[in-house]
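In: Predicted model and sequence below, questions to follow.
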Amino acid sequence: MTAHDRPSPWWMPQRYADRRPFLQARTAITRALRAWFEEQGFAEVETAILQISPGNETHLHAPRTELRQADGSHAPRYLRTSPEFACKKLLAAGEPKIYEFARVFRDRERGDLHLPEFTMLEWYRANAGYDAIMADTIVVIAHAAQATGIGRFSFRGRTADPFAEPELLTVAAGFERFAGIDLLATISGGEGDREALASAAAARVRVADDDTWSDIFSKVLVEHIEPHLGQGRLTVLFEYPSPEAALARTKAGDQRVAERFEVYACGVELANGFGELTDAAEQRHRFTAAMDEKARRYGERYPLDDDFLAAVGQMPEASGVALGFDRLVMLASGAPRIDQVVWTPPAGET
């Protein structure tokens, strides 16, 4: 490709003009949501981007850097994948209701719905069940749509009314309806039975010899469940299986499922929320298992943040949610791609 053939830079006025309406929508949504959080009594916080641990999930990858200390030594740090660790420390410190428009980072991710650097809107309520944060999420999405005046979300031929009563669907019901799989029959004692799920899913997805229970679960979810979610209206997919609890507590009375939910519109995942786990020993156990699997699969592991784990044991009962703000702006503005709703695209891209 010659210099003449290359597209002009994104900052050229004629190209930037195409993106300007989507950026104006972003500004309107940001103002509307800040006003809503203020009305609800939330404090806006700004937490540190550089962290000892970027998060301890198997398939999340973070950029790494080093700080040079005053004595000349080097201290490894990571760009966070979420502000969750810092926000939960604030809950332990006594903050009752907080939110943050957080800059977060993901390595190995780029596509129409993924950016290596993006904005995550997270908020937390102390002493509130996860049904409260679930209700918040539906209201926030509707406020975003109201701020732009859009009547329906649309993406890749799918539409959803952000003002309609959302569909409430358990993960188990979704697997039964769309894949014909009795998911809960493959879980016992909070652990997934890999062979049971492999057998149940064999006719639906390709199962590799080294796939774990979670791998098979994810394949079925992505290929057979998610395409049906958020059609015509929002879908709240809740009661995730306990092997996928992450930082959520398990449901009282049924240890096979966790207080975790995700919200979808037009097949796009917008938010991921928890009834927060406050058992530090259990959280350490989950993180260690996830890092063991990361080491097996990717040859690397991230350190555990012991300060965060101590805070987990001190924080009150709480619920929280992470919402992909750029994805929400994309749907609420009618933009076809996520990179059209950020002020500057990823460095190095035109």
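Out: Arrived safely.
In: Tell me where the stretch 201-350 of the chain has strands.
Out: Along the stretch 201-350 of the chain, counting by DSSP state E, counting those that start in this stretch, strands occupy 232-233, 235-238, 250-251, 254-258, 260-265, 268-275, 318-324.
In: of the ones you listed, which approaches H285 most closely?
Out: Distance to H285, taken as Cβ to Cβ, is lowest for strand 250-251 among the strands of the stretch 201-350 of the chain, at 12.8 Å. For every residue, glycine as well, the C-beta is placed using N, CA and C.
In: roughly how far is the closest one from the heart of the chain?
Out: Between the centre of strand 250-251 and the centre of its chain there are 19 Å (Cα atoms, centre = their mean, to the nearest Å).
In: Stretch 300-307 now?
Out: So, by Cα atoms, centre = their mean, the centroid of stretch 300-307 is 20 Å from its chain's centroid.
In: Tell me the buried residues in it?
Out: Buried residues in stretch 300-307, counting neighbours by 16 or more other Cβ atoms under 10 Å, are found at R301, Y302, L304, D305.
In: Turn these into CSV, columns for distance to M315.
Out: Conversion of these to CSV gives the following (distance: Cβ to Cβ, whole Å):
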residue, distance to M315
R301, 25
Y302, 21
L304, 17
D305, 14
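In: Closest to S333 out of those residues?
Out: So of the buried residues of stretch 300-307, ranked by how close each gets to S333 (Cβ to Cβ), first place is Y302, at 34.5 Å.
In: D254: neighbouring residues, count only.
Out: 12 (other Cβ atoms under 10 Å).
In: roughly how far apart are it and S242?
Out: In this view, D254 and S242 are 9 Å apart by Cβ to Cβ, to the nearest Å.
In: repeat for A201
Out: Here A201 is placed at a distance of 18 Å from S242 (Cβ to Cβ).
In: List the beta-bridge partners for the residue nearest in space to the middle of the chain.
Out: The centroid of the chain falls nearest to N272 when counting by Cα atoms, centre = their mean (4.7 Å). Here N272 sits in beta bridges with E262, A322, going by DSSP bridges.
In: Low-confidence stretches in the chain?
Out: The model of the chain has pLDDT under 70 over residues 1-5, 350.
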